[in-house]
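Enquirer: How does the following fold in three dimensions:
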Amino acid sequence: MDDVRIPKFQWGQPVLAVIDLRNDGSYPDCVADELLAERGAQGEIVQVGSHVDTQTPIYLVEFPNGRVVGCLEEEIIAAALVTG
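Expert: Got it, this is the predicted structure:
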């Protein structure tokens, strides 16, 4: 039996992108490698799921530009953890 990873983030939680999030070819109506959300952009988690085969948590994050981007835990950080 595979180990199920418990998601670190929850639905409705504000997060920040820790890297530039670019289209890997799976985002419709955008060219490959197009910038979807830049590093530091704040978004909100609108859905939490997991990759079926690896049980890796996947987060759908809505950013202010209206794009909803699938993110891995390594690509986002809780907005509350960032201090000015």
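Enquirer: For the rest of this, base every contact and every neighbour count on C-alpha atoms.
Expert: Fine.
Enquirer: So which residues make contact with stretch 61-72?
Expert: By C-alpha atoms under 8 Å, 6 or more residues apart in numbering, the list of residues contacting stretch 61-72 from outside reads 27, 36-37, 41-47, 56-60.
Enquirer: gap between it and the chain center?
Expert: For stretch 61-72, the separation from the chain centroid amounts to 7 Å (computed by C-alpha atoms, centre = their mean, to the nearest Å).
Enquirer: Separate out the buried members of the contacts of stretch 61-72.
Expert: Under a neighbour-count criterion of 16 or more other C-alpha atoms under 10 Å, the subset of the contacts of stretch 61-72 counted as buried comprises 27, 36-37, 41-46, 56-60.
Enquirer: need these in TSV with distance to residue 72 and pLDDT, can you?
Expert: Written out in TSV, the entries for those read as follows (distance: C-alpha to C-alpha, whole Å; pLDDT from 0 to 100):
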residue	distance to residue 72	pLDDT
27	15	86
36	14	96
37	14	96
41	15	97
42	15	97
43	14	97
44	14	97
45	12	98
46	14	97
56	8	92
57	7	95
58	5	95
59	6	97
60	9	97
